[in-house]
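1. prediction below, plus the sequence it came from.
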Amino acid sequence: MTGPANLIFYALAALTVGSAVLVAVLPNIVYAAVALLFSFAGVAGLYVFLSADFLAATQVLVYVGGILILILFAVFLSNRISDVKISNPARFQWQAALLCLALFGVLSTTAVRTVFPLKHGLTYQPTTAEIGELLMTRYLLPFEAASVLLLAALIGAALLSRPDGKGKGSADMEEPK
Amino acid sequence: MEALALKLMSAVPALAGVPLWAMTLLVMVVVAVILLVFALTFGGLGSYVLRKVAGDIQVRIGPNRVGPYGLLQFLADGVKLIMKEDIIPAKADRFLFALAPYLVFVGSFAAFVVVPFGVGLIASDLNIGVYYVMAVTSLVVIGVLMAGWASNNKWALLGGMRAVAQIVSYEIPVGMALLPAVLIAGSLSLQDIVRSQGGLLGIFGWNLFHNPFTFFSFFLYFTAAQAETNQTPFDLPEAESELVSGYNVEYSGIRYAFFFLAEFGDMFVVAALASACFLGGWHVPFFRAETLPGAWGNLLSLGAFLVKAFGIVLVMMWVRWTLPRLRVDQLMRMSWKYLVPLTFVNLLGVSLWLLVFRGKGIPQLIASIF
């Protein structure tokens, strides 16, 4: 990597890690959710930097356009959410610390021990067609399993949101008589 | 970008000493500024045309005081918006209130990167073009939700919630309605999609006339996109008569201008995508613009593209002033019960058509008889 490229990488990494730290330490959960946006953006930037264009767009579409919006909806619709005592009570501190340490151990071991197949000197190449082909051939089963899971979640959500749970539409969806 | 920088450096000897990355950066900044100026001018003139069209439809005159035919009204409005006091409500969340307009504008403006303005006239021909547009639009959603919540105003919050529910719901039919064009071109890149509609068949080479499903798909896209950009009859997030002005009700001055420009930016991007995916993009009917010498081909194709895109924008405005607003539940039903299933059926139809007729559309089939 040359000078400017290195600089871009460190800027993106700092953005990702810095906002992730903010997500964890900010007392106001609204700001934590917003900091998550910048962390996701940083990860998308890193994907672009690795010339994984399709993955970068997917990262933005799924995490920013889907997951983050759901989080924001939940956060914004909660009453008195900015009140730190209500939204962020500190409980189970020892258990949480243990869990975090264990997770850190697993993740750091994986990151250090794994041998990543690095390819040097590759120029930018489109990946979309290859990803599509692999999803339809080699990874068809996991792909279909994921869609069935999502479909089940979707049907479950639709069933739960019915007021009587008996297959009749809610009253406010009816045409006015 | 890098190729352009190299060309520039070899053409102008004085620039040969500049490092390549600096030159590339310079070219990028210049292209971005050109696009920004285009977006701002479109927002300004678009607002003038919108009011003139509204005037014509409502049998009024519309803006007619500043400049000839009121043409300079947008400059006066711009100056007014910049000079206005910037008010932040006392109980608002100051940081998020200030951040929201930028997110909305960035999300809207970022889509301009992949708009294929003409032969070789595209800021970056990403091979994920259409997908990229769908992705960056999500920033707009976050910004709108943030604006609605940070204003600490019940109309703003309701407007923000409605906007998000609406945009998220209509993103699906929009994406599904664009997929037939992607299938026919075999690429997500907008330039490839435009190129796949060329040839000497003229307007019959367009995806619009490729087969009955694509014809239908264009109208599905237009309807869903009208909703995704919050245009009447789907302008519930702003609904003046019930929500005052929706998520941007507390904004004034230049911050309001950002929302306003983003709205017009969205309108242009939607029109540009419609013309690129269904109306042949920058192709001039019965003529190969790319064979013209020098910059003429670029200019002619740019003209053709802008005529098509602006035509669609005009139709959007026309619809906007013609139809009454839907109710929230009608809006959601429209998306989930009608548009989404229809776009799925449509997609299946296009796929089957491509399979059965080996990628050939009706015009090509007829042409192959002779």
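-> Arrived safely, thanks for sending. Small disclaimer: the values here were computed from a predicted structure and weren't measured.
2. just the mean pLDDT for stretch A:62-70, thanks.
-> Throughout stretch A:62-70, pLDDT has a mean value of 86.
3. ok, it near chain B or not?
-> Yes: residues of stretch A:62-70 are located near chain B by C-beta under 8 Å from any C-beta of the partner chain, namely A:64, A:65, A:66, A:68, A:69. (Each C-beta comes from the backbone N, C-alpha and C, glycine too.)
4. okay, and which of those residues map to helices?
-> Taking DSSP state H as the definition of helices, these contribute residue A:69.
5. which secondary structure element of chain A has the lowest mean pLDDT?
-> Ranked by mean pLDDT, DSSP states H and E, the helix or strand of chain A with the weakest confidence is helix A:84-87, at a mean of 62.
6. which is the next helix or strand following it?
-> On the C-terminal side of helix A:84-87, the closest following helix or strand by DSSP states H and E is helix A:93-113.
7. find the nearest non-adjacent residue to the most centrally placed residue in chain A, please.
-> Centroid-nearest residue in chain A: residue A:63, 4.2 Å away (criterion: C-alpha atoms, centre = their mean). The shortest distance from residue A:63 to any non-neighbouring residue, by C-beta to C-beta, 6 or more residues apart in numbering or on different chains, is to residue A:40 (4.5 Å).
8. just the residues contacting the host helix or strand of residue A:44, thanks.
-> With secondary structure defined by DSSP H and E, residue A:44 is part of helix A:29-49. Helix A:29-49 has contacts (C-beta atoms under 8 Å, 6 or more residues apart in numbering or on different chains) with A:8-9, A:12-13, A:15-17, A:19-20, A:22-24, A:26, A:53, A:55-57, A:59-60, A:63-64, A:68, A:71-72, A:75-76, A:81-82, A:87-88, B:93, B:95-96, B:99, B:142, B:146, B:149.
9. so what's the gap between that helix and the chain middle?
-> Distance, stretch centre to chain centre, for helix A:29-49: 9 Å (C-alpha atoms, centre = their mean, to the nearest Å).
10. before we move on, what about stretch B:94-106?
-> 20 Å.
11. which positions in the stretch 251-370 of chain B make contact with chain A?
-> So far as C-beta under 8 Å from any C-beta goes, the stretch 251-370 of chain B lies against chain A at B:329, B:333.
12. for the residue in chain A positioned nearest to chain B, what are its contacts?
-> Distances between chain A and chain B by C-beta to the nearest C-beta are smallest at residue A:65, namely 2.8 Å. Listed by C-beta under 8 Å, 6+ apart, the contact set of residue A:65 reads B:134, B:135, B:137, B:138, B:141, B:168, B:171.
13. list the residues that contact the fourth one.
-> Going back to what we said before, that points to residue B:138. A:60, A:61, A:64, A:65, A:66, A:69, B:107.
14. what subset of those residues is buried?
-> A:60, A:61, A:64, A:65, A:69, B:107 (16 or more other C-beta atoms under 10 Å in any protein chain shown).
15. residue B:220 against residue B:339, yeah?
-> Yes: checked against C-beta atoms under 8 Å, the pair residue B:220 and residue B:339 is within contact range at 6.3 Å.
16. near chain B, which residues of chain A? Just list them.
-> A:2, A:4, A:30-31, A:34, A:37, A:53-54, A:57-58, A:60-61, A:64-66, A:68-69, A:72-73, A:76-77, A:82, A:126, A:128, A:172-173.
17. who are the packing partners of the helix or strand hosting residue B:170?
-> Residue B:170 belongs to helix B:154-185 when assigned by DSSP H and E. In this structure, helix B:154-185 makes packing contacts with helix A:69-77, helix B:129-150, helix B:190-195, helix B:212-228, helix B:240-243, helix B:253-277, helix B:328-333, helix B:340-356, judged by 3 or more C-beta pairs under 8 Å, 6 or more residues apart in numbering or on different chains; DSSP states H and E.
18. please determine how far the spatially closest residue to residue B:262 that is not a sequence neighbour is located from residue B:157.
-> Nearest residue to residue B:262 in three dimensions, chain neighbours excluded: residue B:108, at 3.9 Å (C-beta to C-beta, 6+ apart). Distance, residue B:108 to residue B:157, using C-beta to C-beta, to the nearest Å: 22 Å.
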